[in-house]
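J.: sharing a sequence plus its predicted fold:
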Amino acid sequence: MNTGRSARRDAWTRFWQTGALHSLAGSFQGNYAGAIRAFWEAAFAPLGADDRVLDIGTGNGPLPALLCELRADDMPQVDAIDLASPDPAWLASTPAGCRNRIRFHSGRAAEDTGFPEACFTLVASQYGIEYSDLKRSVTEVARITADRGRLALVVHHASSRLAQVANAEVRLIDWLGAPGGLMERAAAIYPYMAMAARGERERLAADPDAARARAAFNAAMQSLDRLAAGEAFPDALFDARGQIAARIDALIRGAMDADAAAAAHARHVDALHDARLRSQELVAHALDEAGCEDFLRSLRGSGFTDARAAPLHHDPHLVGWSILGTRIR
Ligand SMILES: C[S@@+](CC[C@H](N)C(=O)[O-])C[C@H]1O[C@@H](n2cnc3c(N)ncnc32)[C@H](O)[C@@H]1O
């Protein structure tokens, strides 16, 4: 499987096509709330129509959407960039006064934005810039930020609950997809379920492969229950079990044939690959104390002389680092 830059870009593009506003759709309905929202309210408060904002790794644009909500009367000009291709459906129903002030740029990397020197008065990123090559993107951000321009970032923290959940998700998806694992065992029983639904019970009873497939599937389901009982974040297991159970139910009711079940199963496997890749990226790019210190040092050395970071908590979980700085030229 290709796990390089293009695979990451394509996985994020598929995620944004699902219509999620941000990458924590499971944690926040609507836009970011609580401490994350409060951080951005403070960062956006000084902005006016003369300002120009860059949002790095924008996804479907939760930060531009928040700006529309908070600064509709004096909306700054916003450039929202992402390596992937965002699909911000919300933009179409946004009043023209805001919509016309926002430009999304797909396939645009933080390391090489293509914007003119010193053009932004605020560079922002919510769980975005840390996914880039920070050495190169810091140089680029320093180049495009205006004198006295501000930097405001929320980046993933290696000890956050989000990183713990992502870590668990990678491990559990690997368990689900392992040779002889639940996904493989489930795929093997769909044809037999379809036979049962067609009333071919005698043929089924006489087929030792059917009995073996059923026993292996049942054993895998029992293993899942045992594994889940010991997991702090078992959601990936329950979600997979639920999707498999829904396909089996549809097969038994005759609402789905074996080919349709196999196709749905293949889509499920692809979705698990994408979810694993996104979680693995989160874990790989989250900053621990030393990584955050390195990042701050490189920001200070690039002209953000007052760059500083603080852990950000939301109800009561650690959800990231908040990072602020001012560009002095
Ligand atoms: C965790 S998502 C965050 C998206 C959005 N800011 C949010 O809060 O929902 C990270 C985003 O960063 C993008 N990304 C990854 N590497 C990047 C890079 N080098 N330059 C720009 N965007 C990048 C990904 O495509 C993805 O859309």
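T.: Sure, I can see it.

J.: quick check: residues of the stretch 1-150 of the chain near the ligand?
T.: 12, 22-23, 56-59, 62, 81-84, 109-111, 126-128, 131-132 (C-beta under 6 Å from any ligand atom). (Glycine included, C-beta is placed from N, CA and C.)

J.: and Ser23, how close does it get to Leu282?
T.: As for Ser23, its distance to Leu282 is 8 Å (criterion: C-beta to C-beta, to the nearest Å).

J.: quick one, which of those two is more surrounded?
T.: Just comparing Ser23 and Leu282: by other C-beta atoms under 10 Å the higher neighbour count belongs to Leu282, 23 against 20.

J.: got the domain boundaries for this protein?
T.: The chain breaks down by automatic domain parsing into domains covering 5-160+286-326, 162-282.

J.: deepest of those domains, which one?
T.: Mean neighbour count (mean count of other C-beta atoms under 10 Å) peaks for domain 5-160+286-326 among those, with a mean of 18.

J.: next structured bit after the helix or strand bottoming out on mean pLDDT in the chain?
T.: Sorting the helices and strands of the chain by mean pLDDT, DSSP states H and E puts helix 201-205 at the bottom, at a mean of 92. Next along the chain after helix 201-205, taking DSSP states H and E as the criterion, comes helix 208-229.

J.: tell me which other helices or strands the helix or strand following that following helix touches.
T.: Per DSSP H and E, the first helix or strand lying C-terminal to helix 208-229 is helix 235-252. Applying 3 or more C-beta pairs under 8 Å, 6 or more residues apart in numbering; DSSP states H and E, we find helix 235-252 packed against helix 161-177, helix 182-197, helix 208-229, helix 258-285.

J.: ok, which stretches of the stretch 51-200 of the chain are strands?
T.: Here the stretch 51-200 of the chain has its strands, by DSSP state E, counting those that start in this stretch, at 52-56, 77-82, 102-106, 120-126, 145-155.

J.: can you list contacts of the second one?
T.: Among residues not part of strand 77-82, those counted as contacts by C-beta atoms under 8 Å, 6 or more residues apart in numbering are 12, 49, 51-59, 61, 63-64, 67, 86, 101-110, 113, 115, 120, 128.

J.: do the same with the longest one
T.: By C-beta under 8 Å, 6+ apart, the list of residues contacting strand 145-155 from outside reads 36, 39-40, 43, 118-127, 129-130, 141, 286-287, 292, 295, 299, 303-304, 307, 312, 319-329.

J.: what does the third one give?
T.: With C-beta under 8 Å, 6+ apart as the contact definition, strand 102-106 has outside contacts at 58, 61, 64, 68, 78-82, 84-86, 88, 91, 94.

J.: low-confidence stretches in the protein?
T.: The chain contains residues with pLDDT under 70 at 1-3.

J.: Gly303 contacts Ile144, correct?
T.: No: between Gly303 and Ile144 there is no contact under C-beta atoms under 8 Å: 11.5 Å.

J.: so what's Leu134 up against?
T.: 295, 298.

J.: switch the cut-off to 10 Å
T.: 110-111, 141, 155, 285, 287, 291, 294-295, 298-299 (C-beta atoms under 10 Å, 6 or more residues apart in numbering).

J.: tell me the one of those nearest the ligand?
T.: Closest approach to the ligand among these (C-beta to the nearest ligand atom): Ala110, at 3.7 Å.

J.: surely the closest one touches Ala124?
T.: No: using C-beta atoms under 10 Å, Ala110 is not in contact with Ala124; the gap is 11.8 Å.

J.: which neighbours do the two have in common?
T.: With C-beta under 10 Å, 6+ apart as the test, Ala110 and Ala124 both reach 54, 56.

J.: all helices of the stretch 1-150 of the chain, in order?
T.: Taking DSSP state H, counting those that start in this stretch to define them, one finds helices in the stretch 1-150 of the chain at 5-17, 34-44, 62-70, 96-99, 134-144.
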